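*Asks:* just need the structure, nothing else, for what follows:
(2 chains)
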Amino acid sequence: MGKIKYELLKEEKNTKARLGIIETNYGRVNTPIFMPVGTQATVKTLSPEELKDIHCGIILSNTYHLWLRPGENVVDQSGGLHKFMNYDGPILTDSGGFQVFSLARNKKKDIIEEGVKFKSHLDGTNLLLTPEKSIEIQNKLDSDIAMSFDECIPYPATYEYAKQSTERTLRWAKRGKDVHNNPNQSLFGIVQGSEYEDLRKWSAEETVKLDFDGYSIGGTSVGEDKDTMYKMVDYAIKYLPKDKPRYLMGVGDPIDLIEGVIRGVDMFDCVLPTRLARHGNCFTHHGRINIRNQKYKEDFTPLEESCDCYACKNYTKAYIRHLIVANETFGARLLSIHNIRFLVKLMEDLRVAIKEDNILEYKEKFIKEYENK
RNA sequence: GUGGAAUUGGUGAAGGGGUUAACACGGUGGAUUGUGGUUCCAUUAUGCAAGGGUUCGAAUCCCUUAUUCCACC
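*Replies:* From the prediction side, this is the model:
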């Protein structure tokens, strides 16, 4: 079939929230959508069947990690990432830029026009990842959506640094696009610009000129406060075309998802639900809870009465607490199922709210309940 | 019965006269936003077997008692 197709179905009356469908070679997904992260070709602790039960549409995987291990050629020989990991839903691959930048020891010397020099986290080997290399790897991985190689600018950043980095990210986007040659894979561009309105505008407009299949807003959720993050989204999104999906990278806090949707974002990804799960934290409509807390030791109720996930339908807080305290992996798995389901269900609810033009009421009710605990 | 050694928090323990008893595990809270999968941070003994004594000052020295262990009869 080829590249993804995005169809805008409806814009909410009172906000910029939008309802849409992304059609991929591996099925259709409704937007706005939350995408769980499966860095090393697995959403940690979960099987593809469990992911299907949660109704998550797209999952992420990571170029950096699969490049180093097992290597993109192994994935290629196996028949591509879908076959390799036995997942027949859509997959998006992150470019590896985020990882590589965090591994670069000396920012001034290691970040060069050609790419980023860094040491492998596996064996310390000196490596160079370039925009071309990232796209070539993603071509071979054969994900449905590939991401341009960019710099996720740390926060805070000076205007000067943000400007030169944002300009370089644009040059990298073009270089990546020029070598992209997988007809079944779509390619997204990434808007940077840190917190500066004119840089966000420039980055969005110039990236759109390169004509990508979708656009993402990067450089968020890197330590800035929430209002700053929302501003970054506002600054960028008004210059993005309506007929392409918009993806806010790395955002997964429930309230941030709502705020993002209201601002016109269609796609989100985040490690938060699975990472929190591994550390015993759990989303509920009354706020986050730490299942390790002693008060749950003899609590034989589910994590949430109203939740339809496998963990809530079959297990108690006391049991899951025991598993987490005893460091049993089944505990992390049950909490991962619940946390991902919580965010996926939140997006389902938001789609209904967009349909009914009452997303602001939904937000108010959700926040009131979530923050009162 | 005689002689010797030991007794520090939930656990393993350091400290052999000088202000707030090391460290580790465990416990209890908290953190975590394009994942370097068991991480990070905080907190956790007003007390060193019990009682008495020496000393300006004692977990550290002395005495008594209790308990445990070892050796000998």
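*Asks:* only C-alpha atoms for contact and neighbour calcs from this point on.
*Replies:* Noted.
*Asks:* what residue is smack in the middle of chain A?
*Replies:* Among the residues of chain A, the one closest to the centroid is A:Asp269, at 1.7 Å (CA atoms, centre = their mean).
*Asks:* what's the spacing between the nearest residue to that residue once chain neighbours are set aside and RNA strand B?
*Replies:* If the residues on either side of it in the chain are set aside, A:Asp269 comes closest to A:Met35, at 4.6 Å by CA to CA, 6 or more residues apart in numbering. Using CA to the nearest atom of the strand, to the nearest Å, A:Met35 is found at 10 Å from RNA strand B.
*Asks:* what of A:Lys109?
*Replies:* 17 Å.
*Asks:* my read is that residue is in a strand, agree?
*Replies:* No: read with DSSP: H, G, I helix; E, B strand; the rest coil, A:Lys109 is helix and lies in no strand.
*Asks:* check contacts around it.
*Replies:* Contact analysis of A:Lys109 by CA atoms under 8 Å, 6 or more residues apart in numbering lists nothing.
*Asks:* still on that earlier bit, the residue nearest to A:Asp269 touches A:Ser61, doesn't it?
*Replies:* No: judged on CA atoms under 8 Å, A:Met35 makes no contact with A:Ser61 at a distance of 10.3 Å.
*Asks:* OK, contacts around A:Gly96?
*Replies:* Here A:Gly96 is in contact with A:62-65, A:134, A:149 (CA under 8 Å, 6+ apart).
*Asks:* identify the farthest-apart pair in these.
*Replies:* A:His65 and A:Phe149 (14.4 Å; CA to CA).
*Asks:* looking at those two, which has the bigger crowd around it?
*Replies:* Using other CA atoms under 10 Å, the more surrounded residue of A:His65 and A:Phe149 is A:Phe149, with 31 against 20.
*Asks:* the more buried one in helix, strand or coil?
*Replies:* Put simply, A:Phe149 is coil when judged by three-state DSSP.
*Asks:* contacts only, for it.
*Replies:* A:Phe149 neighbours (CA under 8 Å, 6+ apart): A:95-97, A:130-131, A:134-135, A:169, A:172-173, A:176.
*Asks:* filter these down to the ones in strands?
*Replies:* Per DSSP state E, strands hold no members of the contacts of A:Phe149.
*Asks:* among those residues, which are within reach of RNA strand B?
*Replies:* A:95-97 (CA under 7 Å from any atom of the strand).
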